[in-house]
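K.L.:
quick one: sequence plus predicted model below, questions after.
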Amino acid sequence: MKKSLLTIVWLASVLATAQAGVILSDTFSYPDGSLVGAAGSPWKTFTGTAGQVDVVSGRVHLTAAETEGVSAPVAGAPYAFGALYASFTLNLKTLPTAGGNFFAAFNTNGSSNFRARVFVLTGGAAPGKYRVGIATAAASAVAVIATDLTPGVDYQLVVRYNNSAAAGPTSTLWLNPCSESQTVNCVTASDTPPSASVTTFALRQATGIGDLQMDNLLVGTVFSDVASIPPVISCPPGITAYAVNPAGAMVNFNVTATDNSGGPVTIKCTPSSHDGHLYRHRCVRQRGSLRIPGQRDPAALRRLGQQSAGRLAIGGKRQ
């Protein structure tokens, strides 16, 4: 009877963990200066010289030249078993060493029991480039994503720490993922340390990490908590064109878009051509691309809002 009761309690705990949602979120929108002690900041120093981890233009700054490590509590802690996810924007300014070091990880409050350690390193990368890797608890990267990254460019990293009661802990790292099932730009560490309960997320400064900035930190209990990032569409302002003859007036316009897929966003127009009528367009994203469905509008004049890249002949034919 006692064993059954304990099993029910354990299952209830696991289910509660799975439904917890976002358990830490920080856009680092603090004034420039020390992260610890900033108004509204949940971060506390756990090692090194206090006050060194700083905020620069709305991003947290970490450097190999300093020693402070900081951590923030995750809601609902401790998390003894189950999966935890974290995502953040990484922008490296100065290259790390060949072996690099880890700068972010899950942790237990007041300890150095880091799990799912995220590394930056130059080993294996082309000159002037770097790579990212992960270890569940090892001192060096156990698995490295074999994609060269460019300093000064934003990348989204997503990390999963899965502390299985049956199989032990594992850690997985994604670069610019679109889904949890993505296998490209995804690696899993093979080291198998003892299980560790998680209470905080930690940022760490140490020799070898170079100089980097982070932003948009999310920690949650399912992948969609931390990796659901919509595309950003940049459209021209509204355009009014007047047709003065049956051939219509040609309007040239461009739209650009970015998302977290790691490459250019494909923009498509539907329908692809016109039959002598004006169409209005809107931009939507489908599986890493933008699909722009059209609707027929018999009006001779139309103010264009969100448009696709291309040329539109008002009263004529799209080319």
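P.N.:
That came through fine. Numbering: from 1, shown residues only.
K.L.:
quick one: residue 240 from residue 139, how far?
P.N.:
Residue 240 sits 63 Å away from residue 139, going by C-beta to C-beta, to the nearest Å. Placement of C-beta: from N, CA and C, glycine included.
K.L.:
ok, now residue 133?
P.N.:
12 Å.
K.L.:
out of the two, which sits in the more crowded spot?
P.N.:
Between residue 133 and residue 139, counted using other C-beta atoms under 10 Å, residue 133 has the larger neighbour count: 24 against 12.
K.L.:
tally of neighbours for the residue lying closest to the more buried one once chain neighbours are set aside?
P.N.:
Nearest non-adjacent residue to residue 133, counting by C-beta to C-beta, 6 or more residues apart in numbering: residue 141, 3.1 Å away. Neighbour count for residue 141, taken as other C-beta under 10 Å: 25.
K.L.:
touching, residue 141 and residue 122? I think so.
P.N.:
No. Using C-beta atoms under 8 Å, residue 141 is not in contact with residue 122; the gap is 11.4 Å.
K.L.:
ok, now how distant is residue 93 from residue 151?
P.N.:
Residue 93 sits 6 Å away from residue 151, going by C-beta to C-beta.
K.L.:
oh sorry, the question was meant for residue 212
P.N.:
9 Å.
K.L.:
list residues touching both of those two?
P.N.:
Counting by C-beta atoms under 8 Å, 6 or more residues apart in numbering, the shared contacts of residue 212 and residue 151 are 92-94.
K.L.:
partners of the longest strand belonging to the chain in the sheet?
P.N.:
If you go by DSSP state E, the chain has its longest strand at strand 82-94. Strand 82-94 has the following strand partners under DSSP bridges: strand 155-164 (antiparallel), strand 211-220 (antiparallel).
K.L.:
rewinding a little: buried subset of the shared contacts of residue 212 and residue 151?
P.N.:
Buried members of the shared contacts of residue 212 and residue 151, scored by 16 or more other C-beta atoms under 10 Å, are residue 92.
K.L.:
what about the residue nearest to residue 29 when sequence neighbours are not counted, neighbour count?
P.N.:
Nearest residue to residue 29 in three dimensions, chain neighbours excluded: residue 58, at 5.5 Å (C-beta to C-beta, 6+ apart). For residue 58, the count of nearby residues is 14 (other C-beta under 10 Å).
K.L.:
sounds good, over and out.
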